[in-house]
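# Here is the input, now give the coordinates:
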Amino acid sequence: MSDSDDDIPQLSAATLAALQEFYDEQNTGQQQAEDIYSVGAVEENWNMSQFWYNEETATRLAEEAIQQAGKGGRIACLSCPSVYQRLKKGDLPGVGDVSAVVLEFDRRFTVYGEEFVFYDYNEPLALPDSLASPHSFDFVLADPPYLSEECLGKVAITVKHLAKEKVLLCTGAIMEEHAKNLMDLKICNFLPKHSHNLANEFRCYANYQSQLLS
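Residues are numbered from 1 along each chain as shown. So this is what the prediction gives:
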């Protein structure tokens, strides 16, 4: 055996170039997959009353969803795509043990394929066959688009249909009485924050005891 480097097989310049192109494509594909699930990947449309959470809030709520849903649990993100996006980034502990769908009126979210469910709160039970069975989600997180009793009342119909038990609602502090009356939810200490400062104070409401949100 010779110690010379001449005995080591060498790749041709063309093969090296093709290999580098392959790696570049793989990295680009991975980056695009990560970008599509970044919080705010779909730009806010204020005309549709869209206000996304900041990264800290999206992370906290995603962690709460994972913990409360439990292993093998199903999570419904109703009008709160930033939490769905945070879940799908896949870097949170336990996230591989749960599944999630996002219910949204904005059809730009069809980018998420079968996990996107078109949702119009004006038709609270107009859901696809995949969501027809009642109480099929271990955890439901809802953020109604409007601060009104009318909107929350219709969203509550959807939530009660979807949820087995655990519900977390994020909406304005002015909706506390309606959250109690419509869904028997109690206010949490955690203060959700958005990517932009909003005039209305937002709070979380739950029908269970939460350590993360206390």
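
# Spatially central residue for the chain, please.
Geometric centre of the chain, nearest residue: Y84, 1.0 Å, by Cα atoms, centre = their mean.

# What residues are bridge-paired with L169?
Taking DSSP bridges as the rule, L169 bridges to A142, Y205.

# how about the helices in the protein?
Under the criterion DSSP state H, helices of the chain are mapped to 13-36, 55-69, 81-88, 149-162, 176-183.

# So which elements touch the fourth one?
Meaning helix 149-162. strand 74-78, strand 137-142, strand 163-172, helix 176-183 (3 or more Cβ pairs under 8 Å, 6 or more residues apart in numbering; DSSP states H and E). Heads up, the C-betas are built off the backbone N, CA and C, glycines and all.

# gap between the closest residue to I157 other than its chain neighbours and T110?
In space, I157 comes closest to P124 once its chain neighbours are excluded; the distance is 3.9 Å by Cβ to Cβ, 6 or more residues apart in numbering. Distance, P124 to T110, by Cβ to Cβ, to the nearest Å: 21 Å.

# What is the burial count for L61?
L61 sits with 26 neighbouring residues when counted by other Cβ atoms under 10 Å.

# I figured it hits C188, correct?
No. With contact defined as Cβ atoms under 8 Å, L61 does not count as touching C188 (10.8 Å).

# Give me the common contacts of these two.
Residues touching both L61 and C188 (Cβ atoms under 8 Å, 6 or more residues apart in numbering) are C204.

# How about residues contacting stretch 187-204?
39-40, 44, 51-54, 56-57, 60-61, 147, 168-174, 176, 179, 205-206, 210, 212-214.

# re earlier: quick one: the residue nearest to the centre of the chain from I66, how far?
12 Å.

# And L169, by the same measure?
18 Å.

# For burial, what's the neighbour tally of K180?
Using other Cβ under 10 Å, K180 has 13 neighbouring residues.

# quick one on the thing from earlier: P124 and T110: which is more packed in?
Shown here are P124 and T110; by other Cβ under 10 Å, P124 has more neighbours (17 against 11).

# so that one touches C151, yeah?
No. Using Cβ under 8 Å, P124 makes no contact with C151, being 10.3 Å away.

# how about low-confidence regions in this protein?
1-34, 45-49 (pLDDT under 70).

# Repeat the analysis, applying 80 as the threshold.
Along the chain, the model assigns pLDDT under 80 to residues 1-34, 39-40, 42-51.

# one step back: tabulate the helices and strands packed on helix 149-162 (TSV), appending distance to P192.
As requested, those are arranged in TSV below (distance: least, Cβ to Cβ, whole Å):
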stretch	distance to P192
strand 74-78	14
strand 137-142	11
strand 163-172	5
helix 176-183	14
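
# Centre of the chain to stretch 104-119, how far?
Chain-centre distance of stretch 104-119: 12 Å, with Cα atoms, centre = their mean, to the nearest Å.

# Show me what it is in contact with.
Contacts to stretch 104-119, defined as Cβ under 8 Å, 6+ apart, come from residues 36, 42, 45, 48, 50, 78-79, 81, 84, 88, 100-103, 120-121, 127-128, 130-131, 145, 158.

# cool, stretch 122-133 as well?
Applying Cβ under 8 Å, 6+ apart, the contact partners of stretch 122-133 are 101, 117-120, 154-155, 157-158, 161-162.
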